[in-house]
Structures are given as structure tokens and as C-alpha cells.
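Sharing a sequence plus its predicted fold:
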Amino acid sequence: MSKVRTSLLIITFLLSAVSHYLHFDPLIQFVLSAIAVVFVAGFLGKATENVAHYAGERLGGFLNATFGNAAELIIAIFLVKEGLYDMVKASLTGSIIGNLLLVLGLSIFLGGTKFKVQNFNQSLAGMNGSLMIVAVIALFVPAVFFNTHTITVPQTETLSLIVAGILIVSYIAWIIFSMITHKDILTENVAEGEDHEEPAWSKKKSIAYLVLATVMVAFVSEWLVGTLETLTVRFGLSEIFVGAFLVAIVGNAAEHSAAVLLAMKNKIGAAVEIAVGSSLQIALFVAPVLVFTSFFFGNTMDIVFTTIELVAIGVAVFISKSIIQDGSTNWYEGLLLMAVYAILGVSFFLI
């Protein structure tokens, strides 16, 4: 990281801390915390990119998605603790559609402006598409049964816990499948003569910075969450818009920085792995973990999403699967993804 960026990281983090502990106006706290999250997420993305260099592309992409989701997971846990379940589900929705439409779209678009056509592993794209459909089914079924009054509220909570458990097992099985048993099939082939950049930090320093960045994300996320309820009331915004777009865009900053950077280096396979893999991780792991977290807090959060959220997720999965399934991308396809994101953003804002 440059000295200027490091200085901005430290300054914004300290300003966010001061505004929180000295109880500044909630709007000021939100703005400072949001700016701090962006810089901290950039630091997290840089650290993850360096760790990924030592771990290999597949494992590196997984680590990038995992630590890139640290902000969303930590923010969501604090929201669950506060009992703001509607906002939690909205933030999960926003993370899924944000990664599939905005992060992936921006990566494909900017990468496509430098390279006419970018190719990646078609087998991996197909498997990711199938997993995304499973995630949609898992979210769709409980909502249908609950909204048709086929099952009671207690039964819905039980169903949510069972579905959450199945999704976690499925995600663990996917890791075993993609990282161990079928690793050779899903590994992106490296083109001959491809330029390999040296990492900025040593292995130990990269790991240490990754841990430090995650801790910083945890603090800033808690400060950010503390302002949301007040801002929602003050500006008359719906919880679904705040969760699905404001929180999600800030939380996705790590994925933005890493995926876009890789796409512009003609490493579209790694960029897709981060964007799509991150969405899968949210749907198959983060959401179920939050259901179990709420259970241990003593008030189980069901996995019933609203019709609007299900439509948004379904649309995002449909268009992104259509675009990545052939293993080839261009700038216009990226533009289409961002157009769908803009349509959903305006619709959510008007709620």
C-alpha cells in the first residue's frame, strides 16, 4: 500500500472511532464509518490478494471471497444481536445481488474495455450456476410454505434451522468437491507467458495484515450498524433499501477492489470466482450461520424472505448465470448486469 493510502486508512479509522465514542450526530457517524469501511476493506482486499498469491488461485479466490465477506457477516451479526431481522435479510439480499450484478458487472465491464473477450473455466461457471439455483430454491421454499399459511410460525423456525443446516452441509461439500476431489477439473489454466506480479508483502506479513484488517472491519462495522436505525427513521428510508443497498455497497467494497483489479489484469476467472463465489458463500453459508446465531441468542430468525427480495435474488441469479455459463465475457455483458442492478436499486428506493 502507498503511504498516502496507509495514511488515509489510519486517519479515517481514527475519525470514525472518535465520532462513535464521542457520540457525534448519527449522520456524521454514518458518513465517517462508511468512508472508513471503504478504506479498511481496501486494506483487507490488498492483504487477501497477497495471501492468495501464496495459497494459489483457487484457494486464493476462496480466501478472497471469505475475508471479503467478513464485513457483511460481522455487520449482520450485530444486526441480529439488535433483533433487526428485516434489515439482516435485506443486507443478505443486497450482498447477493450486489456481488452478482454490481461487482461482477463492473469487473466484466472494465476488464472488457481493456480486453475484447475474456475467457475462464466453463466447468466452474456451470457448477456455480447450479449452486446459485439451489440457493434460490432454498430461499424460495420456506417463503412459499409460510406465506400460504401451510405451516405455523414455530414450524417455520424449525424449517429454517433444518434448511440452514442442509445449506451449510452443501457448502462444505462444495469446498471438498472444488478444492480436493475435482480440483484439477475446476482449476483455471494459466496462460503461457502470463505476467506474474510479485506480492507486496511476505507470507507472514500478509497473514498478519489480513488478521489486522479483519479486526478493523469488525470495529468499524459495529460503529456503522449503530447509526442505521436512527438514519432510517430520520430520512424515511425503508429498512429493505438501507440493508439491500447502503449496507451492501459499503460491505462489498473489498470485493469491488479485488475483483475489478483482477479483471483489468485479464484474470477474469479469479474475478468471477470472487464475485460469484462470494454470493454463493452469502447464500449457502453466511445466511444459515446467522439463522443459528439468532437461535443461540434466544430468538430464532426465520429464513423467510419477502417476495421483493426473492424476486431480486431470482433476477440476479438468472441474468448472471446466463452471462457466465459459456465461460466467456465482454464489456457489454458487464453493462447489462449493471443495468439490472440500477433497475433494482431504483425500485427498492421507491418502497
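All right, it came through fine.

Can you check which helix is longest in this protein?
helix 203-234 (DSSP state H).

now the stretch 1-150 of the chain, which segments are flagged as low pLDDT?
Scanning the stretch 1-150 of the chain for pLDDT under 70 picks out 1, 56-58, 60-61, 64, 68, 70-71.

tell me what the longest helix of the chain is packed against?
Here helix 203-234 touches helix 3-21, helix 26-55, helix 57-68, helix 70-81, going by 3 or more C-beta pairs under 8 Å, 6 or more residues apart in numbering; DSSP states H and E. Yep, even glycine has a C-beta here, placed from its N, CA and C like the rest.

name the helices or strands packed onto the helix or strand following it?
Sequence-wise, the next helix or strand downstream of helix 203-234 (DSSP states H and E) is helix 239-241. The elements that helix 239-241 packs onto, with contact taken as 3+ C-beta pairs under 8 Å, 6+ apart, are helix 85-97, helix 331-349.

how long is stretch 144-160 end to end?
13 Å (C-alpha to C-alpha, to the nearest Å).

what sits up against it?
P142, V291, T300, M301, D302, I303, V304, T307 (C-beta atoms under 8 Å, 6 or more residues apart in numbering).

Distance from the chain centre to that stretch, please.
Centre-to-centre, stretch 144-160 and its host chain are 27 Å apart (C-alpha atoms, centre = their mean, to the nearest Å).

Please spell out which residues along that stretch are buried.
Buried residues in stretch 144-160, counted by 16 or more other C-beta atoms under 10 Å: F146, T156, E157, L159, S160.

Just want to check the distance between the last one and F295.
Think S160. Separation of S160 from F295 (C-beta to C-beta, to the nearest Å): 9 Å.

Give me the common contacts of those two.
M301.

mind putting the buried residues of stretch 144-160 in CSV, distance to V346 and secondary structure included?
What follows is these, written out as CSV (distance: C-beta to C-beta, whole Å; DSSP: H, G, I helix; E, B strand; the rest coil):
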residue, distance to V346, secondary structure
F146, 28, helix
T156, 31, helix
E157, 34, helix
L159, 33, helix
S160, 31, helix
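
least confident pick among those residues?
Within the set of the buried residues of stretch 144-160, pLDDT is lowest for F146 (86).

Make sure T300 is actually in contact with V291.
Yes - if you go by C-beta atoms under 8 Å, T300 and V291 touch, sitting 7.0 Å apart.

okay, and the common contacts of these two?
When contacts are counted by C-beta under 8 Å, 6+ apart, T300 and V291 are jointly contacted by S160, L161.

if you count what's nearby, which of the two comes out ahead?
The residue with more neighbours, out of T300 and V291, is V291; 24 against 21, by other C-beta atoms under 10 Å.

Having no further points to raise, I will conclude here.
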